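Undergrad: Give me the fold of what follows.
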Amino acid sequence: MEEIHQYEVNLQWNHDRKGTLSSSDLPQQIEVVTPPDFYKGIPGFWSPEHLFVASVVSCFMTTFLGIAENSKLEYTNLEIQASGVVDKVEGKFQVTEIILKPTATIPSNMSTEKATRVIEMAEKNCLIANSVKTIIHLQSKVVMAQIA
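TA: Numbering: from 1, shown residues only. Alright, predicted model coming up:
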């Protein structure tokens, strides 16, 4: 039996180019603005573009964690740098690509090939990445933990 999940987000416009995101499911609120790259944009706050990239990278992380656990992959650290590219396509702005640069640190007794497979599986199975038309580029790295 398939399950349907629903996630509600509310936005209250504050003033100028700024609003506040909230959800009845969450205690935190996030201020969002038009990014400074655009007309009347405001620096120093999260923008829809940041949140879009954050959605993909955080989904990649949670997918990696689940697949790593199921695959019995041991890791000591996971760091991911992510970058989104906004470009005009047919006269309209869109996020045309996201570059994910995950670095997984594994113990020296683990297989780097296994870690690479888990990273690739996480990219292929990430719900958010599979839900958008933006091209996702994966540039992963697996490093052996240093023995102290």
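Undergrad: Give the buried residues for the helix or strand harbouring Ala115.
TA: For Ala115, the element it lies in under DSSP states H and E is helix 112-125. Neighbour-count burial for helix 112-125, counted by 16 or more other C-beta atoms under 10 Å, picks out 114-115, 118-119, 121-123. C-beta coordinates here come from the backbone N, C-alpha and C atoms, glycine included.
Undergrad: just these now: which is nearest Lys92?
TA: Nearest to Lys92 among the buried residues of helix 112-125, counting by C-beta to C-beta, is Glu123 at 26.5 Å.
Undergrad: show me the contacts for the closest one.
TA: Residues counted as contacts of Glu123 (C-beta atoms under 8 Å, 6 or more residues apart in numbering) are 60, 100, 129, 136, 138.
Undergrad: now the nearest residue to Lys114 once chain neighbours are set aside, what's its secondary structure?
TA: Spatially, and ignoring its direct neighbours in sequence, Lys114 is nearest to Leu73 (5.9 Å; C-beta to C-beta, 6 or more residues apart in numbering). Of the three states, Leu73 takes coil according to DSSP: H, G, I helix; E, B strand; the rest coil.
Undergrad: dump the residue contacts of Leu73.
TA: Applying C-beta under 8 Å, 6+ apart, we find Leu73 in contact with 67, 106, 110, 114-115, 118.
Undergrad: what's the spacing between it and Val57?
TA: 19 Å (C-beta to C-beta, to the nearest Å).
Undergrad: for this structure, which residue is closest to the average position?
TA: With distances taken as C-alpha atoms, centre = their mean, Val57 lies nearest the centre of the chain, 1.4 Å away.
Undergrad: quick one on the thing from earlier: can you put the buried residues of helix 112-125 in a markdown table and add pLDDT and distance to Glu3?
TA: Below are those laid out as a markdown table (pLDDT from 0 to 100; distance: C-beta to C-beta, whole Å):
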| residue | pLDDT | distance to Glu3 |
| --- | --- | --- |
| Lys114 | 96 | 30 |
| Ala115 | 96 | 30 |
| Val118 | 97 | 25 |
| Ile119 | 97 | 27 |
| Met121 | 97 | 22 |
| Ala122 | 97 | 21 |
| Glu123 | 96 | 23 |
